[in-house]
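Student: Can you look at this prediction? I've put the sequence above it.
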Amino acid sequence: GAGVSQSPRYKVAKRGQDVALRCDPISGHVSLFWYQQALGQGPEFLTYFQNEAQLDKSGLPSDRFFAERPEGSVSTLKIQRTQQEDSAVYLCASSDFRSAGETQYFGPGTRLLVL
Amino acid sequence: QQQVKQSPQSLIVQKGGISIINCAYENTAFDYFPWYQQFPGKGPALLIAIRPDVSEKKEGRFTISFNKSAKQFSLHIMDSQPGDSATYFCAAMAGTASKLTFGTGTRLQVTL
């Protein structure tokens, strides 16, 4: 079946603009994660959903970052008033411990550049 | 606070050689240790994973060695091939359906 998809793949924003990044997880996966990957670094956790419930948002760097998953499938990561330090690749991952154990399947990411 | 330390930062290995990447962790609550492979422009993909109840796991050319007392684990790639050239990340997780904590990555280049 289809893997995790993310859109847009690339986003250029002017400092101060709001952006919305979309993640389509693998169908049926209850768990959804967002990670931020700076250039040359490992992914860092942002937030976690189980179905529509946001169970962990401890990694969100500021209140400018907001994530939602209203129907328990597609998720959107929103960044308000973008700043240059927000430039990174934003990765989405999904998993289903009932069928696939702990494996997290990653999408290709959205590369965000804030000018 | 870097909870998973990875080394080396980069590695060059000749075709047919053995690539070895090491990781160390601090949090004793970690109980799942995957290795991910990432190609440029792609998301990380699971390569192999281990739980601390075993000291070694092998899948094809890839082997994880795990030392619970030292809180260290390593990835060995046997008979390294040019197609293995990628960035490798170790990671750790505590519990089920939980966040992954990643190392900083190792850029592997396999030369002909």
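Tutor: Yep, that arrived.
Student: so where's the chain shaky on pLDDT?
Tutor: Since no chain was named, I'll use chain A. Chain A contains residues with pLDDT under 70 at A:1, A:99-100.
Student: Oops, wrong one, chain B.
Tutor: B:1-2.
Student: Repeat the analysis, applying 90 as the threshold.
Tutor: For chain B, the stretches with pLDDT under 90 are B:1-2, B:95-98.
Student: need the residues of it near chain A, please.
Tutor: B:6, B:32, B:34, B:36, B:41-46, B:49, B:89, B:91, B:93, B:96-105 (C-beta under 8 Å from any C-beta of the partner chain). Every C-beta, even on glycine, is put in place using the N, C-alpha and C of the backbone.
Student: and if we set it to 7 Å?
Tutor: B:32, B:42-46, B:89, B:93, B:96-97, B:99-100, B:102-105 (C-beta under 7 Å from any C-beta of the partner chain).
Student: Between those residues, which sits nearest A:R15?
Tutor: Lowest distance from A:R15 to these (C-beta to C-beta) belongs to B:G43, with 26.6 Å.
Student: count of residues packed around the closest one?
Tutor: Neighbour count of B:G43, defined by other C-beta atoms under 10 Å in any protein chain shown: 23.
Student: show me what contacts it?
Tutor: With contacts defined as C-beta atoms under 7 Å, 6 or more residues apart in numbering or on different chains, B:G43 is in contact with A:L91, A:F106, A:G107, A:P108, A:G109.
Student: For the third one, give its distance to A:Y35.
Tutor: Taking C-beta to C-beta, to the nearest Å as the measure, A:G107 and A:Y35 are separated by 10 Å.
Student: Would you format the contacts of B:G43 as TSV with secondary structure, distance to A:D18 and neighbour count included?
Tutor: What follows is those, written out as TSV (DSSP: H, G, I helix; E, B strand; the rest coil; distance: C-beta to C-beta, whole Å; neighbours: other C-beta atoms under 10 Å in any protein chain shown):
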residue	secondary structure	distance to A:D18	neighbour count
A:L91	strand	20	25
A:F106	strand	25	24
A:G107	coil	21	24
A:P108	coil	23	17
A:G109	coil	20	26
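Student: so which of those also contact chain B?
Tutor: Applying C-beta under 7 Å from any C-beta to these, those adjacent to chain B are A:L91, A:F106, A:G107, A:P108, A:G109.
Student: still on that earlier bit, find the residues that touch each one of A:G107 and A:Y35.
Tutor: Joint contacts of A:G107 and A:Y35 (C-beta under 7 Å, 6+ apart) are A:L91.
Student: Burial check on A:R22, number of neighbours?
Tutor: Counted by other C-beta under 10 Å, the residues lying close to A:R22 total 15.
Student: buried stuff in the helix or strand harbouring it?
Tutor: Assessed by DSSP states H and E, A:R22 sits inside strand A:19-24. Neighbour counts over strand A:19-24 (16 or more other C-beta atoms under 10 Å in any protein chain shown) mark A:V19, A:L21, A:C23, A:D24 as buried.
Student: what pairs with that strand, and is each one parallel or antiparallel?
Tutor: In the sheet, strand A:19-24 lines up against strand A:5-7 (antiparallel), strand A:75-79 (antiparallel) (DSSP bridges).
Student: Thank you kindly, that will do.
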